[in-house]
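Engineer: here's a sequence, model it:
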Amino acid sequence: MTANLGDVVAALEGAYPPALAESWDAVGLVCGDPDEPVRRVLVAVDPVAEVVDEALDGDAQLLVTHHPLLLRGVHGVPADDPKGALVHRLVRAGAGLFCAHTNADRADPGVSDALAAALGLTVAGPMRAAAAEPLDVLAVAVPVDDTARVLDALAAAGAGQVGDYSHGAWTVEGTGQFVPQPGASPTVGRVGERERVAETRVEMVLPRRRRGEVLAALRAAHPYEQPAYSLHEQAETLSTRGLGRIGELHAAEPLGAFADRVAAALPATAWGVRAAGDPHRHIQRVAVCGGAGDPLLATAGAGGVDAFVTADLRHHPASEHVEAGGPALVDVAHWASEHPWCEQAASVIVEALGGTVDVLVSYRRTDPWTIGAAQPTGRSTR
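Structural biologist: Next up, the predicted model:
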């Protein structure tokens, strides 16, 4: 059996649903034919020229990256434009490009889970949880002999899916009654006469987005001319998806040792690893956010954590955070913070299509900073 590009895309979108992406983001398949066979996939953080070189030199039919290639409004991809040139190279070589960005940030597991795992953290949940998918509860009375058929029809339309279980329902038997009025064509009973029927009350949850399909299935499968049902919207709840993760080390350690742990766990960059806070402060409960974590500084401060690991922290927000007595900060290179995700995304493909696709991870450092110059010691500043 040979997998095609569409199979790989389906596996990745199952793990990183496009609906989780920010409205401004550009995720999914950039180029490539879903029907073309795929024998090898390369996973990387950035869709840049040297990574495209690596993919094509390695005979990969698909390049999967975290960062999008065409994020802003694009009206063309001419070959004399740097990004357009990459698209042309991939298309000419018969290779595709797929991007999972903010949808991978919010997924469970996602980018921050991979970072937490690299640091040896046991994850407890997201820093900023996303709302769970809105649900409805449908309750309907069905003649006893028709219950299984109607329940199957509702399940096929999307009702009763609870985690990894389908056809989830609560049922109880009772007696229904009704009086058909003039103009009715009752399946059971006669016009003007009270009818009592042995019925099963069926209750099922359903995604609110599937409400139309489920009600249509109910009307098509139910034997009555006018089935009686009630529909209720469940209260909003939080999910395990969302930005960042909070986790714990097996044992507390000083901030200095924890910074060394972070440096050893992530690929080396010119940016390196820097920390803000008392070097002797004990660190055990930790918040992490792959990529730029400035927007989550206040969330980290309110999360009862000892340290916050992220990238691209700016001077003034970081300084004000430390002055206010917030958690210690560990700032790493953006690319390094997101590179652990590559192994996670590769495992998604392997688990879905293992044995049919060869999946590789790029370790080429595509962080834009290339030089970390050592400064003379003993120099004072004023």
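Engineer: tell me what the lengthiest strand in the chain is packed against?
Structural biologist: Under DSSP state E, the strand in the chain containing the largest number of residues is strand 238-254. On a contact count with 3 or more CB pairs under 8 Å, 6 or more residues apart in numbering; DSSP states H and E, strand 238-254 meets helix 102-106, helix 111-118, strand 122-131, strand 282-292. (C-beta placed from N, C-alpha, C; glycine too.)
Engineer: name the next helix or strand downstream of the third one, please.
Structural biologist: Right, strand 122-131. Per DSSP states H and E, the first helix or strand lying C-terminal to strand 122-131 is strand 135-143.
Engineer: return the distance of that following strand from the chain's centre.
Structural biologist: Relative to its chain's centre, strand 135-143 lies at 30 Å (CA atoms, centre = their mean, to the nearest Å).
Engineer: equivalent analysis for stretch 363-374, please.
Structural biologist: Taking mean C-alpha positions (CA atoms, centre = their mean), stretch 363-374 and its chain are 28 Å apart.
Engineer: buried sites along the longest strand of the chain?
Structural biologist: Across strand 238-254, burial judged by 16 or more other CB atoms under 10 Å covers 241, 242, 243, 244, 245, 246, 247, 248, 249, 253.
Engineer: what is the mean pLDDT for that strand?
Structural biologist: If you average the pLDDT over strand 238-254, you get 96.
Engineer: how far does that strand sit from its chain's centre?
Structural biologist: With CA atoms, centre = their mean, you get 17 Å for strand 238-254.
Engineer: over to stretch 288-300?
Structural biologist: So, by CA atoms, centre = their mean, the centroid of stretch 288-300 is 17 Å from its chain's centroid.
Engineer: now stretch 332-340
Structural biologist: The chain centre lies 18 Å from the centre of stretch 332-340; the measure is CA atoms, centre = their mean.
Engineer: shaky segments in the stretch 101-250 of the chain?
Structural biologist: Nowhere does the stretch 101-250 of the chain drop to pLDDT under 70.
Engineer: this structure: helices as residue ranges?
Structural biologist: Under the criterion DSSP state H, helices of the chain are mapped to 5-15, 49-57, 82-92, 102-106, 111-118, 147-156, 211-221, 255-265, 297-302, 315-323, 334-338, 340-353.
Engineer: and the fifth one, what does it pack onto?
Structural biologist: Counting contacts by 3+ CB pairs under 8 Å, 6+ apart, the secondary-structure elements packed against helix 111-118 are helix 102-106, strand 122-131, strand 238-254, strand 282-292, helix 334-338, helix 340-353.
Engineer: I'd guessed residue 174 sits against residue 201; true?
Structural biologist: Yes - between residue 174 and residue 201 there is a contact under CB atoms under 8 Å: 6.3 Å.
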